[in-house]
Structures are given as C-alpha cells and as structure tokens.
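Asks: how would this look folded up:
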Amino acid sequence: MPIPNLSLIPGGVLHSTGQGVPVNGNNVFQLGIAAEQVNTDWLRFFAIAKGPSVQGAEFVNYDPATGNVTLSVVQTGTDELRIDAWVAQSSIR
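Replies: Numbering: from 1, shown residues only. Sure, this is the predicted structure:
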C-alpha cells in the first residue's frame, strides 16, 4: 500500500501521521491538516524508515489548494515509511 493520506492525531489539530510502502521517487498524499492552519515556514516532517529498503525521504512541496504533500523517497524494496507532520507554531523553529 502506498503512503496513505495522513490522519490527525487525536487531541492535536496541528499534528498528523500515516504509514505505508512508498514508491521510489515522488509520493503524493494528503497532509490531513486544514490548509488555513498551515504556515509552510512552520511545517515539519519526521520520517521513520521501517526497514533498510527505505533510504531517505525529502520534502518536495505542499500545495495548499489541494492539501497535497509531495515527498521524495528512495525505495529499493517493500519496507514501510512512517510520516509524522506538524505545524510548529513557535518563534523557535
């Protein structure tokens, strides 16, 4: 299964998560946080590879019009990737 659309973490309107098997290259999925709450300067991602075939994940783009995130992933097998996203609204970033 590809990376699914992210889901809000209960009790936290500015934190979402999802896990799936990414494709090698660009992966597009829904952020799961309302666009009016997202400041791209404060948007953060934490990617956790669930096996050795996922070699990296890099943020490419967020489109507020669609709510889609594009993440570039190096995938050489079938391991999963967990993505946590949040809006870090703070003067310290």
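
Asks: what residues does stretch 18-32 touch?
Replies: 1-8, 16, 38, 50, 54, 57, 60, 62, 67-76, 78-83, 85 (C-beta atoms under 8 Å, 6 or more residues apart in numbering). Every C-beta, even on glycine, is put in place using the N, C-alpha and C of the backbone.

Asks: quote the end-to-end distance of that stretch.
Replies: Across stretch 18-32, the terminal residues are separated by 9 Å (C-alpha to C-alpha, to the nearest Å).

Asks: where's that stretch relative to the chain centroid, distance-wise?
Replies: The gap between the average C-alpha position of stretch 18-32 and the chain average comes to 7 Å, counting by C-alpha atoms, centre = their mean, to the nearest Å.

Asks: cool, stretch 75-87 as well?
Replies: Its chain's C-alpha centre lies 8 Å from the corresponding centre of stretch 75-87 when counted by C-alpha atoms, centre = their mean.

Asks: buried sites along it?
Replies: Buried residues in stretch 75-87, counting neighbours by 16 or more other C-beta atoms under 10 Å, are found at 75, 80, 81, 82, 83, 84, 85, 86, 87.
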